[in-house]
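Asks: here are the coordinates; sequence isn't available:
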């Protein structure tokens, strides 16, 4: 807790301890908005510049005390925490913790962040700047604000307190309620309503059961009602938003049908990325059917395999740990089954031993890595935990009939 008699020393101490522990830059502004103290990383490229100070001043009211940590993001994807300092009912100033990023920013994303044109040299400088910032997910950043608040005041605040202050917005709820009433009135006046829930549930049931034939019939039948408007004055954007929500629903249905969660979520991500690349209503409508059928087909294949729950758990563990040195003992410890029992059951249901299945899946992953061109054959063998490159080549050829080099060379033709 900061004492008035030791204020300067305490502020410096808190700034340094937070920075040294969490590696997040931290600044202290006096109540008139002037910068009094700062820490910064070695790679932060003069982070205390006019743009950053202006950005902080724009997003935070440095002249007013806020009793709970405030979390905000700038238009440049930087995230900050603001904690006001009040001693003996006197507002002293504001701690600003940040910037950090919620996720890594790629070189190609920079053009989307900076709407005005920037040179290649500026992009490289910005990429270096972004790479210097810590990556902290949203929940951890909130916990960072709670920890920092405790250091400053020696008082506990809850996760809910911070969430309510930063996320619960009564003005938004009021505006949405008003808009909702207007839309509902127009819908009743024009006798235009959404499609029935049973239509949506029929589609999801086809995906859960892997019944593509029935799914195509449901999708081709005339729909009673409308899908709704998900973007004003932009039919393409509205349909894209509809397909994104559809991707979410079919993913959950596929998981309920037995699809591995990581496979389902990754497949959903791929479809959503593809949705953003399309720009005609016809292509988007076709993708809706393709996506639903793809998920349904994959569920059907899983159900046709008729694997038991323990074997599905084994396959899921192997899928998520291909870059580890997987052993039968690791798998059985994870799924809480006896090694002898799982070994026999796996061979009976899958048709090959669990060790052969692991090698087969590692080879399939190696094929994907070879097509990426980012890794050497030696690097791939190390990544996938083969003993050495010659052993990797031997196993790869056993499953594919060709060496890794020949496989990569043929893919380049």
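Replies: Happy to help now that I have it. Here the structure is a predicted model, which means the values were calculated and not measured.
Asks: chain center to stretch 299-316, what's the gap?
Replies: 26 Å (CA atoms, centre = their mean, to the nearest Å).
Asks: Show me which residues of that stretch are buried.
Replies: 299, 300, 302, 307, 310, 311, 312, 313, 314, 315, 316 (16 or more other CB atoms under 10 Å). For glycine as for every other residue, the C-beta is placed from the backbone atoms N, C-alpha and C.
Asks: avg pLDDT for that stretch?
Replies: The predicted model assigns stretch 299-316 a mean pLDDT of 88.
Asks: Show residues contacting it.
Replies: 207-212, 254, 257-262, 331, 334-335, 337, 342, 345-346, 349-350, 354, 357 (CB atoms under 8 Å, 6 or more residues apart in numbering).
Asks: Pick out whichever of the buried residues of stretch 299-316 sits closest to residue 148.
Replies: Distance ranking of the buried residues of stretch 299-316 against residue 148, using CB to CB, places residue 316 first at 38.6 Å.
Asks: show me where pLDDT drops low in the stretch 301-413 of the chain?
Replies: 413 (pLDDT under 70).
Asks: Against residue 408, how distant is residue 402?
Replies: Shown here: residue 402 relative to residue 408, a distance of 10 Å by CB to CB, to the nearest Å.
Asks: Now residue 99: which helix or strand?
Replies: When elements are assigned from DSSP states H and E, residue 99 belongs to strand 90-100.
Asks: ditto for residue 271
Replies: If you go by DSSP H and E, residue 271 is part of helix 261-277.
Asks: That helix packs against which elements?
Replies: Packing partners of helix 261-277 (3 or more CB pairs under 8 Å, 6 or more residues apart in numbering; DSSP states H and E): helix 235-256, helix 281-305, helix 309-320.
Asks: can you redo those helices as JSON lines with distance to residue 97?
Replies: Shown next, in JSON lines, are the helices and strands packed on helix 261-277 (distance: least, CB to CB, whole Å):
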{"stretch": "helix 235-256", "distance to residue 97": "33"}
{"stretch": "helix 281-305", "distance to residue 97": "41"}
{"stretch": "helix 309-320", "distance to residue 97": "34"}
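Asks: Out of the ones you listed, the one nearest residue 218 is which?
Replies: Comparing the helices and strands packed on helix 261-277 by their distance to residue 218 (CB to CB), the top pick is helix 281-305, with 9.3 Å.
Asks: in that closest one, what's buried?
Replies: 284, 287-288, 291-296, 298-300, 302.
Asks: Residue 367: which of those residues is nearest?
Replies: Nearest to residue 367 among the buried residues of helix 281-305, with distances taken as CB to CB, is residue 298, at 19.4 Å.
Asks: Disregarding flanking residues, what is the spatial nearest neighbour of the closest one?
Replies: Closest residue to residue 298 apart from its sequence neighbours, by CB to CB, 6 or more residues apart in numbering: residue 259 at 6.2 Å.
Asks: Now do the contacts for that neighbour.
Replies: Counted by CB under 8 Å, 6+ apart, residue 259 has contacts 295, 298, 299, 302.
Asks: go again using 10 Å as the cut-off
Replies: When contacts are counted by CB atoms under 10 Å, 6 or more residues apart in numbering, residue 259 touches 207-208, 210, 251, 253, 265, 267, 295, 298-299, 301-302, 312, 316.
Asks: tell me the secondary structure for it?
Replies: Look at residue 259: counting by DSSP: H, G, I helix; E, B strand; the rest coil, its state is coil.
Asks: Distance-wise, check the nearest residue to residue 193 once chain neighbours are set aside relative to residue 194.
Replies: Of all residues not flanking residue 193 in the chain, residue 225 sits nearest, at 5.1 Å (CB to CB, 6+ apart). To residue 194, residue 225 is 5 Å away according to CB to CB.
Asks: ok, of the contacts of residue 259, which one's closest to residue 166?
Replies: Nearest to residue 166 among those is residue 265, at 26.8 Å by CB to CB.
Asks: Around the closest one, how many other residues sit close by?
Replies: 16 (other CB atoms under 10 Å).
Asks: If you drop the residues flanking it in sequence, what lies closest to it?
Replies: Using CB to CB, 6+ apart, the nearest residue to residue 265 is residue 251, at 6.5 Å.
Asks: so what's residue 159 up against?
Replies: Taking CB under 10 Å, 6+ apart, we find residue 159 in contact with 139, 142, 143, 145, 146.
Asks: Take those residues and keep only those in helices.
Replies: Among the contacts of residue 159, the members found in helices (DSSP state H) are 139, 142, 143, 145, 146.
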